[in-house]
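Q: Predicted model and sequence follow; I will ask about them next.
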Amino acid sequence: MKNILKYFFILPLLFFCLSTNYVVAQEQTPTYQSLIKSGDTEYAKNEYIKAKTYYQEALRLKPNDPTAKSKLDKTLQKIREENQKEEKFFEHIDKADEFYANGDLNKALTEYNNALKLFPKDEYALGKKDEITTILKNEKEKLDSFNDMVALGDKLLKEEKYAEAVLQYESALKLYPNNNAVKEKYQEAKNKKETYDTKASEYLRLKTQGQEFTLRKKYSEAINVYQQALELFPDDKEIPGIIANLQSQQDISERYNSKINEADALYEDRSYVEAKTAYEAALTVIPDDSYALGMIDRIDEIVNSSEYRKIQSDKAKMDNDFENYIAKGVNAEAAKNYELALTNYNKALEIKPNNADALAKKKNAEDMILYQEQQRKEQERLAAIEAEQQRKANIQNLINAGNQQLTDKRYAEAEQTFNQVLALDPTNATATEKLGIIAGFYEEIQRQKQENYQNAMSDGDYAYASRNYAEAIRQYNIALTNKPGDEIASQRLTEAQQAENMRLASLEGEYNGFITKGDAQFQTKNYDKAIEFYTKAMNVGTGNPYPANKIREIGDILKANRLVELVPESVTISANETKRFNFEPVDVTTRRGNYILIKAKNLTDKQFPLYISYGSKNGENGGFMVSVPKNTETNDFIVRIGSQYKWFSEDNTWIEVMPEGGNIEIILMEITKGN
């Protein structure tokens, strides 16, 4: 404090010295006498610094002048005395400040008075004196103010005016910081204020979100958040009106969208007259709607153009093609060829995607295909049971026959019979035991093998003569089994194989037909149909690698055009378990050319169906089924999902897969598109 006050004392003196020099400089040629006179005047007023300046200027004009020099020395002595006086002043001030800080106001007041005796006009000491006097005088007023603030805070807290209550308690604590009762009330008010502020902040956030949803015309979402805000402050007078207005706007929007969707479907179907009527109906809901007016103008332009007749002609052709596909589908259904029926209904829907009759017929065909598949599975199950029963019966019959052959000493036949038993049941103890017995009758068996060889050669020659080359090959192989390395059997086997190869060559025409159809579908980028024909070509059994290579090429094209990666790493799905994969909606401009590409491995030892469905938050929109073959290889499944109306007309956001009756490992699943 002492150093600060010194600064405030010295700063005016320096300023004065500078300003005095400036004044002196501005005077017009001050004389020695005028400077001495001015110095005397300032000295008389105890302004020793100013007087010193004038005497120094006089000495500058009249160096070594004894009068000026004497006056300057006298003035400097006064300045030194003033400095000593200041030191004493600051000692009193420092003591006073310390007493004041410790709360000893009376002692502090004494020291401030001692300081004022040295400098009666000092503003700091006067101010502190007045402050202490006021504090001592107004202590009762302070207590009264404290009690008034606490009482008002209690009243505001009861009225749930928490912010105002906090301010009152804060003000009271500034007067008496250590009052514990007020501290507790302050904390209570603060806690309630924070709770209220959190609630009010959430209320404002919900209102802001409701306004954003309203601007984006998401009325359901806006109504929901406004209702949440109303739950926070049920007495709010504004929000019920906003919700009522939003419900009205939502109703208008739904009616408008219904009309527009109907009109757009008709326009897409080139039913321009009906579409115009539907757009006009939309205008009754929202008059002057720019989209509906624009579409009406576009329809008028189309109808009045020279190209309209061609469009109508094309439409008539489309209608005719549509009816033909429907008729073919109906005929196929009548013949219970539901796969063919579904193919024709899908072609009809490619022409008129929204046609209710075609959609219903497609759904019926799909249901029948599913029913047939279920029937087929049941038949397979029953057949498997029957086959197992037959296998056991065959084993028993073979054992009976083998025992009889042993009794008849036809050991070679018995050996062959018991080996057949082991082929059906490798752990059969009876067959193993009997084969051990047969091993002791080698000479008889050798004789029997010779007989078997001769019979097989005879049967092979007969089959060859009958052009049953596959059976001939089988018999010659039996002959070689009984007489390995036999030249005649080997030569005849070669001849039979050559004949069989010639027969297979005759299948080349059928193979080429499938390849031609597959190549045509490949050129038009109908990759799913192309794969179907290439697969049929492979099944002909010529061994030509071309169709397999084309299927791989299609897979590479679709992988290169990937839009969405649904399975970034392989996933195993158990039998009858449903697994969902979410994604952002595919760009509507690419949807018609979309495919689903799946690479998967059968983890069981049987064939089973894999059901794939898709949809959005509103529910399932469609799906398809592929058959997972019984093998241990990684199989490719490619489906043209873009041909399904609900795929390209809806913003689908999920795909689900469900393997029925078997476990599967999905290595890759993507949404892709053709070139």
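A: Here it is on my side, so go on.
Q: Strands of the stretch 451-600 of the chain, start to end?
A: 564-565, 571-573, 579-582, 594-602 (DSSP state E, counting those that start in this stretch).
Q: ugh, typo on my part, it should be the chain
A: 564-565, 571-573, 579-582, 594-602, 608-616, 619-628, 634-639, 654-659, 664-673 (DSSP state E).
Q: any idea which of those strands scores lowest on pLDDT?
A: When mean pLDDT is averaged over each of the strands of the chain, strand 634-639 scores lowest at a mean of 86.
Q: Distance of E42 relative to A423?
A: 138 Å (CB to CB, to the nearest Å). Using the backbone N, CA and C atoms, a C-beta is placed for each residue, glycine as well.
Q: Of those two, which one has the most company?
A: E42 (20 against 12; other CB atoms under 10 Å).
Q: Wait, the more buried one touches Y55, no?
A: No. Counting by CB atoms under 8 Å, E42 sits too far from Y55 to count as a contact (9.4 Å).
Q: intersection of neighbour lists for the two?
A: In terms of CB atoms under 8 Å, 6 or more residues apart in numbering, E42 and Y55 are not both contacted by any residue.
Q: Quick check: which ranges of the chain have low pLDDT?
A: 1-28, 103, 138-140, 311-312, 442, 444-445, 504, 541-543, 675 (pLDDT under 70).
Q: Spell out which residues make up each domain of it.
A: Here the domain parsing of the chain from automatic domain parsing is 2-121, 379-505, 508-673.
Q: Distance to R216 added to these, as JSON lines?
A: Below are the domains of the chain laid out as JSON lines (distance: least, CB to CB, whole Å):
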{"stretch": "domain 2-121", "distance to R216": "63"}
{"stretch": "domain 379-505", "distance to R216": "54"}
{"stretch": "domain 508-673", "distance to R216": "15"}
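Q: one step back: could you say which of the strands of the stretch 451-600 of the chain is packed most deeply?
A: strand 594-602 (a mean of 22; mean count of other CB atoms under 10 Å).
Q: That one pairs with which strands?
A: strand 634-639 (antiparallel), strand 664-673 (antiparallel) (DSSP bridges).
Q: With respect to S220, which of the ones you listed lies nearest?
A: Proximity to S220, assessed across these by CB to CB, is greatest for strand 664-673 (28.2 Å).
Q: what does that closest one contact?
A: In contact with strand 664-673 (CB under 8 Å, 6+ apart) are residues 558-559, 561-567, 570-573, 581, 583, 586, 590, 593-603, 610, 628, 634, 641-642, 655, 657.
Q: How about stretch 446-461?
A: Outside stretch 446-461, the residues touching it (CB under 8 Å, 6+ apart) are 410-413, 415-416, 471-472, 474-476, 478-479, 482-483, 486, 488-489, 492, 496.
Q: Buried residues of it, list them for me.
A: 448-449, 452-453, 456-457, 459-460 (16 or more other CB atoms under 10 Å).
Q: which of the residues you listed lies closest to E433?
A: Ranked by distance to E433 (CB to CB), these are led by Q448 at 19.1 Å.
Q: ok, now how distant is L116 from K128?
A: Distance, L116 to K128, using CB to CB: 10 Å.
Q: Could you do Y32 as well?
A: The gap separating Y32 from K128 is 46 Å, by CB to CB.
Q: Who has more neighbours out of the two?
A: K128 (21 against 16).
Q: Identify the residues contacting the more buried one.
A: 96-97, 100, 108, 112.
Q: what does A282 give?
A: Here A282 is in contact with 256, 259-260, 263, 289, 292 (CB under 8 Å, 6+ apart).
Q: Over to A575?
A: Counting by CB under 8 Å, 6+ apart, A575 makes contact with 604, 608, 659-663.
Q: export those to a markdown table and tack on distance to N621?
A: Converted to a markdown table, these look like this (distance: CB to CB, whole Å):
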| residue | distance to N621 |
| --- | --- |
| T604 | 30 |
| F608 | 24 |
| P659 | 21 |
| E660 | 20 |
| G661 | 25 |
| G662 | 26 |
| N663 | 27 |
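Q: Nearest to L156 among the residues you listed?
A: Out of the contacts of A575, the member with the shortest distance to L156 (by CB to CB) is P659, at 68.4 Å.
Q: correct me, but the closest one touches I573?
A: Yes. The pair formed by P659 and I573 meets the contact definition of CB under 8 Å, at 5.7 Å.
Q: Okay, angle between the longest helix along the chain and strand 619-628 too, please.
A: The longest helix of the chain (DSSP state H) is helix 356-407. On the basis of axes from the mean of the first three to the mean of the last three CA atoms, to 10 degrees, helix 356-407 is oriented at 30 degrees to strand 619-628.
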